[in-house]
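Peer 1: Need a 3D model of the following:
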Amino acid sequence: MEDKNVPGLLTRNEMKAEAERLRSLGKKVVFTNGCFDILHLGHVQYLTYARTLGDCLVLGLNSDASVKRLKGPERPIVPEDERAEMLLALKAIDYVVIFEEDTPTNLITAIRPDILIKGADWSHNVVGREVVEGYGGKVMLAKLVDGKSTTNIIKKIEDLAKTRP
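Peer 2: So this is what the prediction gives:
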């Protein structure tokens, strides 16, 4: 991550303290996570919906190293500092925390969100479910926008590249 001050981009410890402060004010903290490598309409609609569930939306963003381990050596397409800044430009997102691990379990444990939300494609394995439900929080699934995915965008670009001389 470049050394520049991006409002809303916090460390795990800073976000833990901010979440505690917000809850002390009676605010509801919503958490989601992901790579968000190439931002698309499905992401925007999902994040906009997630934000309606509480008073603030915290996004745990996979670091570049984490994305590479999860998605392969060609990814991410967009570096973590740029992904974080673009996501924070969305009205829906209040805070971004970049995490290095392959899953956000440690971040979820630190922040203790009131609501953990993931896309319905993760219904079989919502990482952090046990943690959040263990202290009385709620886990929710959001509908996906058909056909909208980073994988589909990358495939379309690759297919177009094959048609060029």
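
Peer 1: and the closest residue in space to residue 12 that isn't next to it in sequence, what are its phi and psi?
Peer 2: Excluding the flanking residues, the one nearest residue 12 by Cβ to Cβ, 6 or more residues apart in numbering is residue 110, at 5.4 Å. For glycine as for every other residue, the C-beta is placed from the backbone atoms N, C-alpha and C. Backbone geometry at residue 110, expressed as degrees, to the nearest 10, gives phi -70, psi -40.

Peer 1: and residue 110, what pLDDT?
Peer 2: Predicted confidence (pLDDT) for residue 110: 98.

Peer 1: ok, so what distance separates it from residue 85?
Peer 2: Distance from residue 110 to residue 85, counting by Cβ to Cβ, to the nearest Å: 23 Å.

Peer 1: Residue 90 - that's part of a helix, no?
Peer 2: No. Using DSSP: H, G, I helix; E, B strand; the rest coil, the assignment for residue 90 is coil, not a helix.

Peer 1: ranges for the strands of this structure?
Peer 2: Here the chain has its strands, by DSSP state E, at 29-34, 56-62, 95-99, 115-119, 138-142.

Peer 1: Can you lay out those as a markdown table showing mean neighbour count?
Peer 2: As requested, the strands of the chain are exported to a markdown table (neighbours: other Cβ atoms under 10 Å):
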| stretch | mean neighbour count |
| --- | --- |
| strand 29-34 | 24 |
| strand 56-62 | 25 |
| strand 95-99 | 22 |
| strand 115-119 | 22 |
| strand 138-142 | 16 |
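
Peer 1: For the residue nearest the centre of the chain, name its beta-bridge partners.
Peer 2: The centroid of the chain falls nearest to residue 33 when counting by Cα atoms, centre = their mean (2.7 Å). Here residue 33 sits in beta bridges with residue 60, going by DSSP bridges.

Peer 1: Next up, the contacts around it.
Peer 2: Neighbour list for residue 33: 59, 60, 61, 62, 99, 104, 107, 118, 127 [criterion: Cβ atoms under 8 Å, 6 or more residues apart in numbering].
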